[in-house]
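Engineer: Next one to model:
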Amino acid sequence: MKKVVLAYSGGLDTCVSIRWLRDKGYDVLALLADLGQKANFELLKKRAISAGAEKVYVSDLKKEFVQDFILPSLKAEAVYEDYLLTTALGRPLIAKEVVKIAHKERADYVAHGCTGRGNDQVRFELSYKMLDPRLKVIAPLREWEFNSREEEIEYAKKNGISLDLKKSVYSIDENLWGVSIECGELEDPYNEPSANAWQIGALREISKPTYLEIYFDRGIPTDLNNKRIDTQELIVRLNKIGGKYAIGRKDLIEDRIVGIKSRELYEAPAAEILYKAHHALESLILDKQTLNFKHLISLKYGELIYSGLWFSTLREALSRFVDFTQEKVQGTVRIKLSPGNCEIVGRKSRYALYKKELATYGKDSKFDQKAAEGLIKILGMGY
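Structural biologist: Numbers count the residues shown, from 1 in each chain. Below you'll find the model as predicted:
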């Protein structure tokens, strides 16, 4: 039989995809990728077997996700329409693992459980193509005969697929870096999100603010409150601390790759804190021209990630530029958290271009104000 490796999440769509692919004559190998989401992986593995998977790979990709995807995007300060790229950042890593398994199992086909109106189909398929263009892609949700969730559930029941579907009106995707939420009342952009929509923490009045100190070395956060910490553990802690203050919440109307607008909620407390801290440090250290140009790079970098082009030549080239700019991004940033607010209240670095003796208005000023007259005359010559 023909072999296909499926990016499997454990939800209704990918469970039904396993059985549907098997009915079409494929041996299905399912990949369940651990990117830090809260999940019972053993249960999801059994569910895939009940759906007809020949083999289920459960791959712990958290370390690789942090080192090779999260940190490069943090150093680049990649953003797309104010979205800090949580789900979008995980897809190329899952695709990479699918291709790796396809090579190991000598499979000619790869698959995903994405709909025809979403972004993820593009991210998976472009990644598959860039990593190995010889692999043939199958997209069950674009090809099968089912027209509704109810029809999928009926098909699953008929085929004895073990499902324990939670009655949630939302479509939720989670990884270590953040959560994305859509559907339900969110499909009307005028509706306020209900309290149940948010997945991390809860906004509540906390009278006492929390102060954090984060140390960066070459653009990478290495210390929290003067203690060395593994990056993965740092992200977990910041998500917990920031979640209590509802940090990192976004309610966005975004432009999807397929050409439609959609509304999604995003929660990424750690990402919000680290992005702001990193930017504060860069503003202290990088010169004006580099800082301004890097802002343009950040936007392009984010667009490439969002559009499924992580493995593109341009993204790799931009990463090399970003790494060069990070050589002296070293120092400490002080952050104050209060309900709904993440404020930068201090920053210091041995490489700071800020000079107090030039910026001060006090008696210690060494700025030659008379020199400004000549500068203004030269700048005004063209007017």
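Engineer: Correct me if wrong, but I172 is in a strand.
Structural biologist: Yes. Under DSSP: H, G, I helix; E, B strand; the rest coil, I172 sits within a strand.
Engineer: Please name the residues that touch it.
Structural biologist: When contacts are counted by Cβ atoms under 8 Å, 6 or more residues apart in numbering, I172 touches 179-181, 199. In this view, the C-beta of every residue, glycine as well, is placed from N, C-alpha and C.
Engineer: same thing with L281?
Structural biologist: 216, 329, 331, 333, 347, 349.
Engineer: returning to that earlier point: may I see the contacts of I172 arranged in JSON lines, with neighbour count as well?
Structural biologist: Output for the contacts of I172, formatted as JSON lines (neighbours: other Cβ atoms under 10 Å):
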{"residue": "V179", "neighbour count": "22"}
{"residue": "S180", "neighbour count": "22"}
{"residue": "I181", "neighbour count": "22"}
{"residue": "Q199", "neighbour count": "16"}
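Engineer: Could you identify the most distant pair in those?
Structural biologist: S180 and Q199 (9.4 Å; Cβ to Cβ).
Engineer: Can you pull the residues that touch both of these two?
Structural biologist: 172, 174.
Engineer: lowest-confidence helix or strand of this structure?
Structural biologist: Among the helices and strands of the chain, helix 356-359 carries the lowest confidence by mean pLDDT, DSSP states H and E, at a mean of 82.
Engineer: Would you mind giving the contacts of L281 as a markdown table with distance to L284 and neighbour count added?
Structural biologist: Shown next, in a markdown table, are the contacts of L281 (distance: Cβ to Cβ, whole Å; neighbours: other Cβ atoms under 10 Å):
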| residue | distance to L284 | neighbour count |
| --- | --- | --- |
| F216 | 11 | 26 |
| V329 | 9 | 20 |
| G331 | 7 | 20 |
| V333 | 9 | 25 |
| R347 | 5 | 21 |
| S349 | 6 | 19 |
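Engineer: Next step: these restricted to strands.
Structural biologist: Cross-referencing the contacts of L281 against strands under DSSP state E gives 216, 331, 333, 347.
Engineer: Of those, which is the nearest to D34?
Structural biologist: F216 (27.1 Å).
Engineer: For that closest one, which residues are in contact?
Structural biologist: Counted by Cβ under 8 Å, 6+ apart, F216 has contacts 222, 277-278, 281, 329-333.
Engineer: ditto for D368
Structural biologist: Per Cβ under 8 Å, 6+ apart, neighbours of D368: none.
Engineer: Quick check: phi and psi at the nearest residue to W198 once chain neighbours are set aside.
Structural biologist: Sequence neighbours aside, E267 is the residue nearest to W198 in space, at 6.3 Å (criterion: Cβ to Cβ, 6 or more residues apart in numbering). Here is the backbone geometry of E267 (degrees, to the nearest 10): phi -130, psi 120.
Engineer: all numbers from here: first residue = 16
Structural biologist: In the new numbering, first residue 16, that becomes E282.
Engineer: Please, where are all the strands along the stretch 266-398 of the chain?
Structural biologist: With DSSP state E, counting those that start in this stretch as the criterion, the stretch 266-398 of the chain has strands at 276-282, 346-353, 356-363.
Engineer: ok, of these, where does mean pLDDT dip lowest?
Structural biologist: Of all these, the segment with the smallest mean pLDDT is strand 276-282, scoring a mean of 93.
Engineer: what's that one packed up against?
Structural biologist: strand 193-197, strand 264-270 (3 or more Cβ pairs under 8 Å, 6 or more residues apart in numbering; DSSP states H and E).
Engineer: out of those strands, deepest packed?
Structural biologist: strand 193-197 (a mean of 22; mean count of other Cβ atoms under 10 Å).
Engineer: Go ahead and name everything in contact with that one.
Structural biologist: 99, 101-102, 185-189, 212-215, 254, 263, 277-286.
Engineer: What subset of those residues is buried?
Structural biologist: Buried residues within these, defined by neighbour count using 16 or more other Cβ atoms under 10 Å: 99, 101-102, 185-189, 212-215, 254, 263, 277-286.
Engineer: Tell me where the model's unsure across the stretch 116-265 of the chain.
Structural biologist: Within the stretch 116-265 of the chain, the ranges that satisfy pLDDT under 70 run 180-183, 216-222.
Engineer: For this protein, just list every one of the helices.
Structural biologist: 27-38, 56-66, 77-80, 86-91, 102-120, 135-146, 155-158, 164-173, 246-259, 284-300, 303-321, 328-340, 371-374, 386-394 (DSSP state H).
Engineer: Can I get these in a markdown table including distance to K18?
Structural biologist: Listed next are those as a markdown table, based on distance: least, Cβ to Cβ, whole Å:
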| stretch | distance to K18 |
| --- | --- |
| helix 27-38 | 10 |
| helix 56-66 | 15 |
| helix 77-80 | 24 |
| helix 86-91 | 32 |
| helix 102-120 | 6 |
| helix 135-146 | 15 |
| helix 155-158 | 15 |
| helix 164-173 | 23 |
| helix 246-259 | 33 |
| helix 284-300 | 37 |
| helix 303-321 | 30 |
| helix 328-340 | 30 |
| helix 371-374 | 65 |
| helix 386-394 | 68 |
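Engineer: Quick one: closest of these to L352.
Structural biologist: helix 246-259 (6.5 Å).
Engineer: And the residue sitting nearest the centre point of the chain, what's its pLDDT?
Structural biologist: What sits nearest the mean C-alpha location of the chain, by Cα atoms, centre = their mean, is T101, with 1.8 Å. At T101, the model reports a pLDDT of 93.
Engineer: contacting residues around it?
Structural biologist: With Cβ under 8 Å, 6+ apart, T101 has these contacts: 188, 190, 192-195, 281, 283, 286.
Engineer: Nearest residue to it in space, please, no chain neighbours.
Structural biologist: Leaving aside its sequence neighbours, T101 sits nearest to G193 (Cβ to Cβ, 6+ apart; 3.2 Å).
Engineer: if I look at that neighbour, how far off is S142?
Structural biologist: 20 Å (Cβ to Cβ, to the nearest Å).
Engineer: distance between the ends of stretch 112-132?
Structural biologist: 24 Å (Cα to Cα, to the nearest Å).
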